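Peer 1: Model the following, please.
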Amino acid sequence: MSFRVRNPAYTFYEWHIKSKILAGDPVEHVAIIQDGNRRYAMQRGLSTFLGHSLGAETSERVTDWCVEMGVKHLTLYAFSTENFSRNEEEKRYLFDLIRDKFRELYSSRKIHDNRVRVRAIGRVEMLPAELQEEIKRTEEATREYDSMFLNIALAYGGQRELVDAARCLARQVKEGLIHADQVDEQLIARHLYPQDGMPVPKVDLIIRTGGECRTSNFLPWQANGNECAAYFCAPYWPEFRKIDFLRAIRTAQKRARGQQA
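Peer 2: Residues are numbered from 1 along each chain as shown. All right, here's what the predicted structure looks like:
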């Protein structure tokens, strides 16, 4: 039987940074680009599928950390519109994995005990019917919760989100439901994903794993418009640790404090 003993210095550092965060202003909305599942697997001689599965486990841990640290909104970039160009076998595996994770969310004791509302944002109608059914079932089961919001971006593209909002507003103007002069920042925000519910709020912190230093068109209105903090880190998504998450939160707090000075 083997087990890992945590380094006492690491444990103390984690406790120290966590106490600093809890003493500061809360970071309300964290958005994460979960990058590096495939590269993590390839570098270790593992299957791409296992890389995605391990990445999904990281997503579950991060959700727990957000509950622990009082993060109100967590948005995870799970599947972009560009990902539809991947080979059929990988897409099929990803859709099955996401479907299974929604089933787990539906019955998760943690989700219900912590009153986490789960929502999919993006062009959900592009996804397989069986996955759409699981999404709808989980959304309905958590619709009345408001302690935390878990937004899962699926079939999502930032430019497409803005185009869809513009088209919806244009139709309303054409039909005489609103006047063109009424279109402002608040009205546009209310027509972003999801268009039939409370809009995704402004982003305070965007995290990207895997060593890339770009935001890949993720939540452009909510993130760029708010000039949110960005935290780029080297670990691939499956190896993203709690200390990495805490450092990112602390970075956002320091940036916000600097802007207030």
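
Peer 1: Please make it C-alpha for all contacts and neighbour counts, starting now.
Peer 2: Fine.

Peer 1: Just the helices from the stretch 151-261 of the chain, written as ranges.
Peer 2: 158-174, 185-190, 220-224, 242-260 (DSSP state H, counting those that start in this stretch).

Peer 1: And for the first one, what's in contact with it?
Peer 2: When contacts are taken as C-alpha atoms under 8 Å, 6 or more residues apart in numbering, the neighbours of helix 158-174 outside the stretch itself are 122, 178-180, 183, 188, 191-193, 217-221.

Peer 1: Likewise for the last one?
Peer 2: By C-alpha under 8 Å, 6+ apart, the surrounding residues in contact with helix 242-260 are 14, 17-18, 20-21, 24-27, 62, 65, 204-205, 207, 228-231, 233.

Peer 1: which residues of the stretch 1-150 of the chain fall in strands?
Peer 2: Using DSSP state E, counting those that start in this stretch, the strands of the stretch 1-150 of the chain run over 29-33, 73-80, 116-121, 148-156.

Peer 1: Now render the ones you listed as TSV, adding mean pLDDT and distance to residue 109.
Peer 2: Output for the strands of the stretch 1-150 of the chain, formatted as TSV (pLDDT from 0 to 100; distance: least, C-alpha to C-alpha, whole Å):
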stretch	mean pLDDT	distance to residue 109
strand 29-33	98	23
strand 73-80	98	18
strand 116-121	98	10
strand 148-156	98	14
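
Peer 1: can you list these in TSV and add distance to residue 90 and mean neighbour count?
Peer 2: Output for these, formatted as TSV (distance: least, C-alpha to C-alpha, whole Å; neighbours: other C-alpha atoms under 10 Å):
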stretch	distance to residue 90	mean neighbour count
strand 29-33	19	24
strand 73-80	12	22
strand 116-121	21	23
strand 148-156	15	22
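
Peer 1: Provide the backbone phi and psi angles at residue 122.
Peer 2: phi 130, psi -170 (degrees, to the nearest 10).

Peer 1: For it, give me the pLDDT.
Peer 2: Here, the pLDDT recorded for residue 122 equals 97.

Peer 1: right, and it touches residue 135 too?
Peer 2: No: at 11.9 Å, residue 122 does not count as touching residue 135 under the criterion of C-alpha atoms under 8 Å.

Peer 1: Touching, residue 80 and residue 156? I think so.
Peer 2: Yes: applying C-alpha under 8 Å as the test, residue 80 and residue 156 come out as touching, 4.6 Å apart.

Peer 1: which one of the helices of the stretch 151-261 of the chain is the most hemmed in?
Peer 2: Most buried of the helices of the stretch 151-261 of the chain by mean neighbour count (mean count of other C-alpha atoms under 10 Å) is helix 220-224; its value is a mean of 20.

Peer 1: Show me what it is packed against.
Peer 2: helix 158-174 (3 or more C-alpha pairs under 8 Å, 6 or more residues apart in numbering; DSSP states H and E).

Peer 1: Can you pull out the low-pLDDT segments for the stretch 101-250 of the chain?
Peer 2: For the stretch 101-250 of the chain, applying pLDDT under 70 flags the ranges 225-226.

Peer 1: swap the cut-off to 80 and go again
Peer 2: 195-196, 225-227 (pLDDT under 80).

Peer 1: if I look at the residue lying closest to residue 199 once chain neighbours are set aside, how far off is residue 217?
Peer 2: Leaving out its chain neighbours, the residue that sits closest to residue 199 by C-alpha to C-alpha, 6 or more residues apart in numbering is residue 190, at 5.5 Å. Distance from residue 190 to residue 217, counting by C-alpha to C-alpha, to the nearest Å: 19 Å.

Peer 1: I'd like to know which of the helices of the stretch 151-261 of the chain lies nearest to residue 108.
Peer 2: helix 242-260 (21.1 Å; C-alpha to C-alpha).
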